[in-house]
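>>> predicted model follows, preceded by the sequence.
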Amino acid sequence: MKKQLTAVALALMFVASACASNDDGDTPSAQTGPTTTVAPARGGTLVVAIGSDPGSLNPAVTSNGGVHTASEMMFNGLVGWGSDGKLVPELAESWTIEGGGTSYRFNLRQNVKWHDGRPFTADDVKFTFERALLRLHSRTQASVGTAQPTIETPDQNTVIFRFANPYAPLLQQLNVTEAPIIPKHVYEGCTDLATVAGCPANKTPVGTGPFKLESYTIQEIKMVRNPDYFRPGLPYLDGMTQRVIPDPGTQLLALENREIDWVGSVPGPDIERVKANRALGTATAPRGSGGGNCTLTGVFNMRPPAGRPGFFTDLRTRQAFWHAVDRQQAFRTVSFSQGKVAQSPINSGITWAAATGLNLPNFDQNRARQLLDQVGWRDEGGGARVARNVPNVPDGTRFEVDWHGFAGDQTTYGEQLRGQLAAVGITLQVKTEDNATFSRNVFNQREFDTAVVSYCNGDDPDIGFRRQVDSRQISTTAFTNGAGYSNPQVDQLLDQATREPDTSRRTPLYRQLQEQLVRDLPYLWLTESAGLRAFNASCTGFNHENTGLFAEAASCRK
Amino acid sequence: MNRRYVVRRLLQVLPAVASILIVTFAVVHAAPGDPVVAVAGESGNEEYYAFMREKFGLDRPVHEQFWTYSTNVLRGDLGVSFVQGREVVDLILERVPATLLLMGTALVVSTVGGVVLGALAARRPFGPFDLGVSTGALVGYALPSFWLAQLAMLTIAFRTGWFPIQGMTDARADYTGLAHYLDVARHLVLPALVLAASEVALITRIARTGILAEMDSDYIRVAQAKGLSPTGALVHHALRNALLPVVTVVGTRIGFLFSGAVLVETVFGWPGLGRLVLSAAQTRDHPLLLGMVLLVAFSLVLSNLLTDLLYARVDPRIRYR
């Protein structure tokens, strides 16, 4: 392949490195940090593909994935993720938790400078939370915001968050994705912080991050090294360019053609080819700018609106559905074995909270048929079963249910499941919808039988998992408790776990919770998805845990 | 040229654009889905969504929203994009040049190429060249542009280094002056050719048919009887008259060219309007989507107007009606 590199002289610098051997790149740990004693190469520009022109580069005023992907490298959170997946200090140097989780005291790092040279202070943190994050960042607003913290700044290097009730998951929500810190002096004059029209600085961001903005055009965002970055010596790269390439297939071809160095996700059918390419490195990513630890989840409508048959109000029907589907097979076919088959309601990426050894229904279609017979779903020949004395379903109704999902993996799962379910007498109709239509049908009007949602759990069950099963989150708001599942015991366990600051004591509470969920089966937990990143193998030092600052310590051999 | 004809024709533009505005507004608002969810992401709570809805004015009655919008449009204010938070006018204007370059190149290539191929094919009707061109045109017209784009990418650009896969400029270089223009030209070749492909096919066939019809006319026969060679008669006499339908078609194809550009730009990562339309539709970004539709509608009406005026110039019968 090297021989075919032509034209651009710049591409030549990669030829030598393509000869050098590189580790297999499958495991994030093998890729992260300078593991060799050889000093990382300095200089060069990393060209990264992004899927859309974000329009704005202020991650504190939105949870929009496009904005975050494009801007996080210019900012920092108070806390970050180390390459081992543990919390590490970022803008906060250290912290203490007081009052059993009702108060968090952060000692800020000193001598940190904003890109415009002004010093970073506690006022910036207070301003960012009060004016931006707790009002405009939808995830942080819904999680930390709901706990209603008061933020105090006793001096310029100290920030204290106080809560009325103990709030355990705060630290997991302070990284650059969930809580990027912006400078007060730049943004306080804005008439409308959320828009570029009301806040021109949203297009010319000033942060503390390893790179600062050089230029922003419709085609690309160019950033250069921040020489005053608080981590001495970092970053190694002179610059980073984010190129807007909407089509994932084109992104990958451009990577293989050496026009760019990094793509955030490899389409399923291309995975084998990419892994076999020695000139490319790969790594699986547990987090993304839209949240982390996502589980692709089937949703049973347990609370249909009036006039709609309650197909899934009976537990035995949901059990039958579970027994009828071969999750393993669907995982291999649709997800190309990226990620894993879910073994617990909580995503296993939250290691301390996800339960193991749960008794989830196995693939057993005979058992499924028995259960359906018991409920009153009769196999009268001719495809779908027919309701005879099924609770909440008019007699004579055929077991024909819809499956709402987004185009792509979500509806492809539906196609896979359709074949499996047909074998037990359930007809599944796949409905492909865009985000807006899906939200209306499933969450707003509840006009659906089954749906599929990628529930991103985040780094604490309280962030992204709770909304799935909390009865108080049965709402018209999208991506909340879609099943309409309500169990007072579950609600109580959720509250208990949120208020318990000691992780080791939260673990058994979440286990109890998940055991109950497995008994009730409001959802069909399918696959814990994992995106595959691919990059030029001559570039190393990526931190795949800290998505936002993944290239902070990256370097490219010339 | 008759001034009354031009004025009357210009006045027709107003109701056309106004009705396009009303219909589009109605369709966009009738479409399922809440733009606030698209903007705010999946994890906001009720309070947050209500706050956003009020901010965008989406909590007010639709007729009120329409009134506000249309009066703003008359003042040249297309509003602020929900998703990007920027003036729609700015968003559109900064992308117009890239799309115009792509569409303009494709239009010139397809018109010139189509006419030349059509004329060559018409020289010997049903000869091998004509059959080849006609078959090729049929195939070219049938191929969807996004598919052709990927095919071109895989065969011509991938690992050959002849042409880049994506973008309008090289991501690693900072060219200026002449080198910059050459760089853009190199990036332009594939997308422009792909976009031109189906248009070339159409124009080839229309030019060929038109020329064949003219070649059968009495005046051509007279010209040839007076000693003009067949090629000379074709180039100097038949071609000019055969161009009338070509002018019509080119004028009405602007809209198709634009929708083709949406796909081609997406596949090639060309930083034009196409990608903006796509994302505006997906995120229910009403102001941006309406702004884009207005722009396209207006340019369609304008290009039809130009076609009519051009037609009146070429064919005197039209302007005296």
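Arrived safely, thanks for sending. Numbers count the residues shown, from 1 in each chain, chains lettered A, B, ... in the order given.
>>> how about the residue in the stretch 101-250 of chain B positioned nearest to chain A, secondary structure?
As assessed by C-beta to the nearest C-beta, chain A sits closest to B:Gly161 within the stretch 101-250 of chain B, at 3.1 Å. C-beta here means a position set from N, CA and C on the backbone, and glycine is covered the same way. Following DSSP: H, G, I helix; E, B strand; the rest coil, the label given to B:Gly161 is coil.
>>> neighbours around it, how many?
15 (other C-beta atoms under 10 Å in any protein chain shown).
>>> can you report phi and psi for residue 251?
The chain I'm using is chain A. phi -50, psi -50 (degrees, to the nearest 10).
>>> I'd guessed it sits against A:Ile260; true?
Yes. The criterion here is C-beta atoms under 8 Å, and A:Gln251 meets it with A:Ile260 at 7.3 Å.
>>> name the residues contacting each of the two.
In terms of C-beta atoms under 8 Å, 6 or more residues apart in numbering or on different chains, A:Gln251 and A:Ile260 are both contacted by the residues A:49, A:245.
>>> so where do the helices sit in the stretch 1-150 of chain B?
Remark: helices assigned in the stretch 1-150 of chain B by DSSP state H, counting those that start in this stretch are B:3-30, B:35-40, B:46-56, B:62-74, B:88-123, B:128-142, B:145-152.
>>> redo the ones you listed as a markdown table? Include mean pLDDT, mean neighbour count and distance to A:Gly381.
Putting those into a markdown table (pLDDT from 0 to 100; neighbours: other C-beta atoms under 10 Å in any protein chain shown; distance: least, C-beta to C-beta, whole Å) gives the following:
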| stretch | mean pLDDT | mean neighbour count | distance to A:Gly381 |
| --- | --- | --- | --- |
| helix B:3-30 | 81 | 13 | 42 |
| helix B:35-40 | 64 | 25 | 43 |
| helix B:46-56 | 71 | 16 | 48 |
| helix B:62-74 | 82 | 13 | 50 |
| helix B:88-123 | 90 | 20 | 58 |
| helix B:128-142 | 88 | 15 | 44 |
| helix B:145-152 | 88 | 19 | 43 |
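>>> go through these and name the closest to B:Phe298.
Ranking the helices of the stretch 1-150 of chain B by proximity to B:Phe298 (C-beta to C-beta) places helix B:3-30 first, at 5.9 Å.
>>> tell me what the helix or strand hosting A:Arg505 is packed against?
A:Arg505 belongs to helix A:503-520 when assigned by DSSP states H and E. In terms of contacts (3 or more C-beta pairs under 8 Å, 6 or more residues apart in numbering or on different chains; DSSP states H and E), helix A:503-520 is packed against helix A:488-499.
>>> what's near enough to touch the nearest residue to A:Ser56 once chain neighbours are set aside?
Once flanking residues are discounted, A:Ser56 sits nearest to A:Asn202: 4.4 Å by C-beta to C-beta, 6 or more residues apart in numbering or on different chains. Residues near A:Asn202 by C-beta under 8 Å, 6+ apart: A:56-58, A:61, A:190, A:193, A:195-196, B:85.
>>> what of B:Ala16?
Contacts of B:Ala16 by C-beta under 8 Å, 6+ apart are B:297, B:301.
>>> avg pLDDT for the strand or helix carrying A:Gly281?
Applying DSSP H and E as the criterion places A:Gly281 in strand A:280-285. On average, the pLDDT along strand A:280-285 is 87.
>>> likewise stretch A:318-332?
Here stretch A:318-332 scores 95 as its mean pLDDT.
>>> in that stretch, what's buried?
A:318-327, A:330-331 (16 or more other C-beta atoms under 10 Å in any protein chain shown).
>>> in strands only, show me the residues you listed.
If you go by DSSP state E, those have nothing in strands.
>>> closest one of these to B:Leu228?
Once C-beta to C-beta is applied, the member of the buried residues of stretch A:318-332 that ends up nearest B:Leu228 is A:Ala330, at 72.7 Å.
>>> how about that closest one, nearest residue that isn't a chain neighbour?
A:Gln416 (4.2 Å).
>>> what about the strands in the stretch 51-200 of chain A?
With strands called from DSSP state E, counting those that start in this stretch, the stretch 51-200 of chain A shows them at A:79-81, A:87-89, A:92-98, A:103-108, A:150-155, A:158-162.
>>> buried ones in stretch B:230-248?
Result for stretch B:230-248 [16+ other C-beta under 10 Å]: buried residues B:233-234, B:237-239, B:241-243, B:246-248.
>>> most neighbours among the contacts of A:Asn202, please name it.
Neighbour max across the contacts of A:Asn202 (other C-beta under 10 Å) = A:Asn58, 32 neighbours.
>>> show me what contacts that one?
Neighbours of A:Asn58 in contact, by C-beta under 8 Å, 6+ apart: A:67, A:71, A:132, A:182, A:187, A:193, A:199, A:201-202, A:205.
>>> which single one of these is nearest to A:Thr432?
Using C-beta to C-beta, these come closest to A:Thr432 at A:Val67, 26.4 Å.
>>> so that closest one makes contact with A:Ala60?
No. Using C-beta under 8 Å, A:Val67 makes no contact with A:Ala60, being 9.8 Å away.
>>> the two: which is more packed in?
The neighbour comparison of A:Val67 against A:Ala60 (other C-beta under 10 Å) goes to A:Ala60, with 28 against 24.
>>> part of a helix, is A:Arg440?
Yes. Judged by three-state DSSP, A:Arg440 forms part of a helix.
>>> for it, give its distance to A:Asp434.
Taking C-beta to C-beta, to the nearest Å as the measure, A:Arg440 falls 10 Å from A:Asp434.
>>> which strand or helix spans the residue nearest to A:Ala330?
Per DSSP H and E: helix A:409-422 holds A:Gln416.
>>> got the end-to-end distance for stretch A:144-162?
11 Å (C-alpha to C-alpha, to the nearest Å).
>>> what's the average pLDDT for that stretch?
Mean predicted lDDT for stretch A:144-162 stands at 91.
>>> hmm, that stretch in reach of chain B?
Yes. Applying C-beta under 8 Å from any C-beta of the partner chain, one finds that stretch A:144-162 is in contact with chain B at A:Thr146.
>>> then stretch A:438-454?
Yes. Stretch A:438-454 comes into contact with chain B (C-beta under 8 Å from any C-beta), by way of A:439-441, A:444.
>>> now distance to A:Gln374 too, for those residues, in CSV please.
Shown next, in CSV, are the residues of stretch A:438-454 next to chain B (distance: C-beta to C-beta, whole Å):
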residue, distance to A:Gln374
A:Ser439, 35
A:Arg440, 35
A:Asn441, 30
A:Asn444, 34
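>>> separation between B:Ile211 and A:Leu532?
Distance from B:Ile211 to A:Leu532, by C-beta to C-beta: 55 Å.
>>> and the stretch 401-550 of chain A, which residues reach chain B?
A:434-437, A:439-441, A:444, A:464, A:467, A:475-479.
>>> pull out the buried residues from stretch B:263-276.
Those would be B:263-276, for stretch B:263-276 by 16+ other C-beta under 10 Å.
>>> wait, I meant stretch A:391-402
Applying 16+ other C-beta under 10 Å to stretch A:391-402 flags A:393, A:397-399, A:401-402 as buried.
>>> just the mean pLDDT for it, thanks.
Stretch A:391-402 comes out at a mean pLDDT of 93.
>>> measure it end to end?
Using C-alpha to C-alpha, one end of stretch A:391-402 lies 19 Å from the other.
>>> roughly how far out does it sit from the chain middle?
Here stretch A:391-402 is found 36 Å from its chain centre; the criterion is C-alpha atoms, centre = their mean, to the nearest Å.
>>> now do stretch B:264-276
13 Å.
>>> likewise for stretch A:207-218?
24 Å.
>>> for chain B, what's its nearest residue on the stretch 451-558 of chain A.
Using C-beta to the nearest C-beta, the single residue of the stretch 451-558 of chain A nearest to chain B is A:Phe479, 3.8 Å away.
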